[in-house]
Structures are given as structure tokens and as C-alpha cells.
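# the sequence and its predicted three-dimensional model are supplied below.
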Amino acid sequence: MSYVERKSVLVIGGGSVGTIAALNLQSGGSTDVTLVLRSNYNAVKENGFHIDSCDHGTIEGWRPSIVRNTVPNIIEENIKPYDYIVLSTKNIPDIPPTVVDLVQPALPSTNTHTTLVLIQNGLNIEKPFLESHPKTIVLSGVSLIGSAEPSPGKIVQDDRDRLMIGPFANPNLSTSSAADDAAREFVELYGKAGKTDCKFSPNVLHDRWRKLVYNACLNPICAITGLDTGRIRLADGAVDGLVRPAMREIVEAARKSAGVELGDDVVDFMLEIDELWLYLSPSMLADVRKGSFLEFENLLGEPLKEGKKAGVAMPTLEVLYQIAKAVQWRTKEQRGLVQIPPKRKTEK
Ligand SMILES: NC(=O)C1=CN([C@@H]2O[C@H](COP(=O)(O)OP(=O)(O)OC[C@H]3O[C@@H](n4cnc5c(N)ncnc54)[C@H](OP(=O)(O)O)[C@@H]3O)[C@@H](O)[C@H]2O)C=CC1
Ligand SMILES: CC(C)(CO)C(=O)C(=O)O
């Protein structure tokens with residue numbers, strides 16, 4: 001009888017993307033998944049997840065092996081280091097806790113066993129971990145899923161899960177072959193149930209810049225205007241006046257700052273990647289509607305910074321960035337994170 005070693009996976013962030021990741025990993029039958037929840041913890045603990053998925057169908061009352069509302073402290077709780085930690089929270093470096101602080105209890109700085117998988121949008125998201133956890137293999141997960149959590153514990157996935165996994169470059173590791181092996185193994189575990197399209201994709205920088213043509217442009221434009229990707233295509237002049245110029249700036253920034261050639265057709269491709277009649281709300285629009293903080297630094301700020309450093313003129317992205325920052329400030333005020341002087345009448 002052959003013995004197949006089970007893998008332990010900790011998924012931190014059981015929202016729209018993380019729950020589907022946990023479901024794929026658990027359904028494959030070779031992993032034990034622990035899922036860390038926050039605002040939906042009570043709802044899921046009581047009733048499980050209600051999942052309505054174009055890949056998995058409708059599932060009522062789903063739970064992974066373990067559900068908890070804190071990140072395990074593996075030393076204090078005497079837990080064996082996880083084989084993989086998947087981070088699928090929003091990545092919002094301007095709002096505490098940082099992702100490094102969040103993961104730390106389950107991933108000591110000296111870790112060499114656990115592979116960290118970042119299924120998150122944006123650029124330079126691996127950089128803080130390369131400093132805090134120099135010997136940890138960090139994988140990039142670029143996801144093309146369309147998924148939302150309209151109420152706590154209810155996950156609606158209406159666009160197929162396509163996930164590209166590859167290792168982030170890590171100058172602290174002497175060879176890249178262990179990272180390649182970890183990425184390939186994760187792809188196998190994730191796709192084992194046969195419900196998803198998960199691929200090994202070694203050119204992480206290319207994949208991330210390509211996705212930014214969408215996320216740095218449509219996410220903030222939809223979030224700021226309140227229009228989904230179908231309506232923005234129908235709105236008077238918005239595509240030619242706003243979306244295309246923003247997308248072209250990203251294409252140029254990718255070329256000049258990272259040597260990444262995205263090809264002439266990428267703007268049209270990203271504009272039409274969602275069928276118009278899906279009226280898809282990008283995750284940043286969903287966040288504005290929920291009054292949540294925006295992931296604008298990694299999706300917009302980082303590519304803008306890299307492009308400007310390389311001498312690319314990025315006037316559209318600059319304005320989008322400044323507006324997104326003001327929207328973030330509005331949420332900070334609503335949540336009591338900033339204090340303003342009281343309103344006064346003009347003194348005569
Ligand atoms: N949604 C989509 O279709 C797509 C999203 N992405 C990317 O995937 C990543 C995840 O996005 P998405 O799933 O949409 O986000 P969601 O907001 O739906 O889910 C994130 C989850 O992480 C939880 N979380 C956040 N911070 C913490 C914390 N400190 N401790 C514990 N839990 C925490 C949130 O809890 P709480 O509810 O309390 O905030 C929430 O449950 C993002 O980078 C996004 O850009 C990529 C492709 C498509
Ligand atoms: C556009 C989409 C849904 C791509 O899969 C995404 O990345 C997001 O909503 O942030």
C-alpha cells in the first residue's frame with residue numbers, strides 16, 4: 001500500500017478568494033486546511049459557508065478541517081509548522097496590522113519549512129516578507145477569479161477560478177529549484193479536485209504587471225465612479241478618456257521599469273476580459289460599497305512609483321492614486337482613525 005503524506009495548509013483570510021482556495025485544497029483530499037476568519041467567524045462557526053460557485057455548484061454548510069478566529073501561534077500552541085500558509089486577506093499596508101505582523105505567530109522569522117503563498121493582487125507584495133523572513137520560500141498567486149462575499153459566510157463565485165502560481169525571486173536563497181518544486185507541489189494540491197484551473201507560471205513579474213493592466217486601472221476607476229466594468233464600458237467616453245490612457249501608462253511602466261513586454265493587444269484584451277453583461281464589480285468597488293479600506297497602495301501606488309522612477313509620464317494614474325488616497329482617508333475618518341478640528345463659525 002502506498003503512503004501519501006498529507007499536507008497541512010493554513011489559509012489566512014476566508015473571504016471571497018480565500019474560501020474558494022480553502023475549498024479547492026480541502027476537496028483534493030491530500031490536505032488538512034485550517035482557515036482563519038474574522039468578521040464572518042460567528043456566522044461560519046454556526047452554519048458553515050453557503051457557497052454558490054460556477055466551479056463547485058451550490059454547497060450548503062461547508063467547513064474546512066479547522067475554523068478559527070486567530071492566527072495560530074505555533075510555538076505557544078505547540079503546532080507543527082504548516083507545510084503551506086496561504087495569505088488571502090486584502091493587502092493594505094497603510095492600515096494595521098501589516099501582513100508580516102499578521103502572519104508572524106504562524107511563521108517565525110527563522111522559518112525554512114513553511115512555504116508562504118500570497119494569493120493577492122498588486123506589485124511588490126513579497127518585499128516586506130523578503131526582509132522579515134529571508135529564508136522562507138514565497139510564492140505568487142495571481143488569481144483571475146470573480147468572487148464576492150455579499151453577506152457573512154455567503155460566497156458567490158460567478159467567474160471561473162484561474163490561478164497562476166510561481167516563486168517570487170528571493171536573492172537570499174542559494175537556489176531556485178526548491179521554490180520551483182514547492183510551487184509545482186502547491187499547484188498539484190490546489191488542482192487535485194479537478195474543479196479549477198491552477199497552473200505553474202514561472203514568470204511572476206510578467207503575470208503581475210499583466211494583471212495590473214486591469215487592477216491598477218479598472219479597480220480604482222470603478223471604485224471611484226461607482227460603476228461596474230460593464231457600465232464603465234457603456235458610460236459616455238469613459239473608456240477612451242480614462243480607462244485606455246490609464247492602461248497604456250501601466251504598459252509603458254512595465255516595459256521601462258521591469259523590462260516586461262505586455263504586447264500591443266493587452267489593453268483591448270483586459271478591457272474585454274469580462275463579458276459586458278456580467279456587470280462585474282472589481283474587488284475595490286465591492287470594498288467601497290461595504291465601507292471597507294482600499295488596497296490602493298499595492299494595486300496603484302507601487303506601479304506608479306516604479307513607472308515614475310523609470311521616467312514614465314503617468315498623469316492618469318497619478319490622479320487616480322490621489323483620489324483613492326482621499327477615499328481611504330474618508331474611511332479612516334468614518335472609522336475614527338483620524339481626528340479633525342471641530343467645525344466652527346466664521347468669527348466676526
Ligand atoms: N474578489 C475577487 O474576485 C478577487 C480578489 N483578488 C485579490 O485577492 C485578495 C483577497 O481578496 P478578497 O477575497 O476579494 O477579499 P475579501 O475582503 O473578500 O476577503 C478577505 C478576508 O480576509 C479577512 N481578513 C482581513 N484582515 C484580516 C486579519 N487581520 N485577520 C483575519 N482575517 C482578516 C477579511 O475579514 P473581514 O471581513 O473581517 O475584513 C476577509 O474575510 C486581494 O488581494 C484581492 O485583490 C484577486 C482576484 C479576484
Ligand atoms: C477583476 C478581478 C475580479 C479579476 O479576477 C480582480 O482581480 C478584482 O476584482 O480585484
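Sure thing, it's come through. Ligands and ions are numbered 1, 2, ... in the order given.
# please make it C-alpha for all contacts and neighbour counts, starting now.
Fine.
# which bits of the stretch 201-348 of the chain sit near ligand 2?
Asn215, Pro282, Ser283 (Cα under 6 Å from any ligand atom).
# near ligand 1, from those residues?
Answer for these near ligand 1 (Cα under 6 Å from any ligand atom): Ser283.
# among the residues of the stretch 201-348 of the chain next to ligand 2, who's most crowded?
Asn215 (24 neighbours; other Cα atoms under 10 Å).
# for it, list the residues it contacts.
Going by Cα atoms under 8 Å, 6 or more residues apart in numbering, Asn215 touches Asn121, Gly122, Leu299, Leu300.
# how close does it get to Lys192?
28 Å (Cα to Cα, to the nearest Å).
# ok so, going back, also within reach of ligand 1: list those from the contacts of Asn215.
Asn121.
# of the contacts of Asn215, just say which sits nearest to Gly146.
Asn121 (12.7 Å; Cα to Cα).
# grab the nearest non-local neighbour of Ser257.
Ala310 (5.1 Å; Cα to Cα, 6 or more residues apart in numbering).
# now the buried members of the contacts of Asn215.
Among the contacts of Asn215, the ones that count as buried by 16 or more other Cα atoms under 10 Å are Asn121, Gly122, Leu299, Leu300.
# buried set for the helix or strand harbouring Val44?
Assigned by DSSP states H and E, Val44 falls within helix 41-47. For helix 41-47, a neighbour-count test (16+ other Cα under 10 Å) marks Tyr41, Val44, Lys45 as buried.
# tell me which other helices or strands it touches.
The contact analysis (3 or more Cα pairs under 8 Å, 6 or more residues apart in numbering; DSSP states H and E) places helix 41-47 against strand 66-68.
# who touches the residue nearest the centre of the chain in this structure?
With distances taken as Cα atoms, centre = their mean, the residue of the chain nearest its centroid is Gln120 (2.0 Å). Applying Cα under 8 Å, 6+ apart to Gln120 gives the contacts Leu87, Ser88, Thr89, Lys90, Asn91, Gly141, Val142, Ser143.
# do you know the pLDDT at it?
Looking at Gln120, its pLDDT stands at 98.
# could you do Lys345 as well?
88.
# and stretch 79-91, end to end?
Span of stretch 79-91 from end to end, Cα to Cα: 26 Å.
# show residues contacting that stretch.
Identification of contacts with stretch 79-91 by Cα under 8 Å, 6+ apart yields 7-15, 17-18, 73-74, 99, 106-107, 113-121, 125, 295, 298.
# buried subset of these, written for ChimeraX?
Buried subset of these, written as a ChimeraX selection, criterion 16+ other Cα under 10 Å:
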select :7,8,9,10,11,12,13,14,15,17,18,73,74,99,106,107,114,115,116,117,118,119,120,121,125,295,298
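# now go through the contacts of stretch 79-91 and say which are in helices.
Under the assignment DSSP state H, the contacts of stretch 79-91 contribute Val17, Gly18, Val99 to helices.
# what is the neighbour count of the residue in the stretch 51-200 of the chain that ligand 2 sits nearest to?
Per Cα to the nearest ligand atom, the residue of the stretch 51-200 of the chain with the smallest distance to ligand 2 is Leu144, at 3.3 Å. By the measure other Cα under 10 Å, the count of residues near Leu144 is 17.
# quick one, phi/psi of it?
Note on Leu144: backbone dihedrals following degrees, to the nearest 10 are phi -110, psi 20.
# distance check, the closest residue to it other than its chain neighbours against Ser147.
Nearest residue to Leu144, sequence neighbours excluded (Cα to Cα, 6+ apart): Arg162, at 5.2 Å. Taking Cα to Cα as the measure, Arg162 falls 12 Å from Ser147.
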